[in-house]
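Visitor: Give me a 3D structure for the following:
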Amino acid sequence: MCHNHIEMKSKKYSVHLFAVLLALLITSIALNFYLFGFSKQYYLQLNGTRLDPLGLDSFSSEMRQQGESDTGAIFVVFFGDSRAAEWPAPSLDGFEFANRGIGAQTSSQVMQRYDAHITPLNPDVLVVQVCINDIKTIPLFPERKSAIIATCKENIEQIVEKAHDHGVLVMLSTVFPTDKFPLERRIFWSEDIPVAIDEVNSFIKSLESEQVIIFDAFAVLADEDGQLAEEYGRDELHLNPAGYRAVNQAFEKLLRSFAD
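Guide: Take a look at the predicted model:
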């Protein structure tokens, strides 16, 4: 009787151990597929950038040429990285919108493609959202932190200067806040990132003038801790639809105020 009881317990233990090992195997396979997909995404992105460093081919088929039409509407162009690329145009009478954002670009890439992607459009207003892709590299190159921040500032200034040379009103958006980084990306995170965002945003605000309007998107999106509010994040760097609705609610008010 005692022998049978021990044998039954041994079988139960074996079944339990098998279930645990199977679960670990499935989890390992799933994690490897995820990491492979993650790595492939960055590998393709890296090599795509090597082929077209500035993304100059991105809008070749839909360029609006200067003077093509004159509807009397105020023509607004979004310019920058993925945060600009994903920014949906509001539905606003008296305005036309175009988007010239490209995902994963640094402020240097954005600035250097101004002549190719913005000058032919001849916009009335240029909305600029840049620098998160510069700033997020600080944990990888901590010794270059000051240089990375300085480069952001220089590129923003050059974009503003280029726009002024063409009589374009600039609306500088402050850099959106970031959400908490997930575990798999925590190694690429440091507290220097939010500090750098604050420094760049302070610089952006200092550029306010008759020719430069400041849109403080950070204030719209941040929670009390200065992080991206939970209800607005799609991931650690990007907004979900609710985030862009909140941004556009404030953005539309600003557009109306200077259009009147």
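Visitor: could you pull out the helices for the stretch 101-250 of the chain?
Guide: Ranges of helices in the stretch 101-250 of the chain, per DSSP state H, counting those that start in this stretch, are 107-112, 114-117, 132-135, 145-165, 192-206, 217-221, 241-259.
Visitor: Would you reformat the ones you listed as a markdown table and include distance to Ser28 and mean pLDDT?
Guide: Every residue, glycine included, has its C-beta placed from N, CA and C. What follows is those, written out as a markdown table (distance: least, CB to CB, whole Å; pLDDT from 0 to 100):
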| stretch | distance to Ser28 | mean pLDDT |
| --- | --- | --- |
| helix 107-112 | 37 | 98 |
| helix 114-117 | 44 | 96 |
| helix 132-135 | 32 | 98 |
| helix 145-165 | 36 | 98 |
| helix 192-206 | 31 | 97 |
| helix 217-221 | 37 | 98 |
| helix 241-259 | 34 | 94 |
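Visitor: Nearest to Val76, out of the ones you listed?
Guide: Distances from Val76 to each of the helices of the stretch 101-250 of the chain were compared using CB to CB; the minimum, 7.3 Å, belongs to helix 241-259.
Visitor: quick one on the thing from earlier: closest to Phe78 out of the helices of the stretch 101-250 of the chain?
Guide: The minimum distance between Phe78 and these falls on helix 241-259, with 10.2 Å, by CB to CB.
Visitor: Any chance you could give me the closest one in PDB, C-alpha atoms only?
Guide: Output in PDB follows, covering the C-alpha atoms of helix 241-259 (Å, rounded to 0.1, in the frame of the first residue of the first chain):
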ATOM      1  CA  PRO A 241      -4.900  57.400 -30.800                       C
ATOM      2  CA  ALA A 242      -6.000  58.900 -27.500                       C
ATOM      3  CA  GLY A 243      -2.600  60.600 -27.100                       C
ATOM      4  CA  TYR A 244      -2.900  62.200 -30.500                       C
ATOM      5  CA  ARG A 245      -6.500  63.300 -29.800                       C
ATOM      6  CA  ALA A 246      -5.300  65.100 -26.700                       C
ATOM      7  CA  VAL A 247      -2.500  66.700 -28.700                       C
ATOM      8  CA  ASN A 248      -4.800  67.800 -31.500                       C
ATOM      9  CA  GLN A 249      -7.300  69.300 -29.100                       C
ATOM     10  CA  ALA A 250      -4.700  71.700 -27.900                       C
ATOM     11  CA  PHE A 251      -3.100  72.000 -31.300                       C
ATOM     12  CA  GLU A 252      -6.300  73.100 -33.000                       C
ATOM     13  CA  LYS A 253      -6.800  75.800 -30.400                       C
ATOM     14  CA  LEU A 254      -3.400  77.200 -31.100                       C
ATOM     15  CA  LEU A 255      -3.900  77.100 -34.900                       C
ATOM     16  CA  ARG A 256      -7.200  79.000 -34.600                       C
ATOM     17  CA  SER A 257      -5.600  81.600 -32.300                       C
ATOM     18  CA  PHE A 258      -3.100  82.800 -34.800                       C
ATOM     19  CA  ALA A 259      -5.300  82.200 -37.800                       C
END
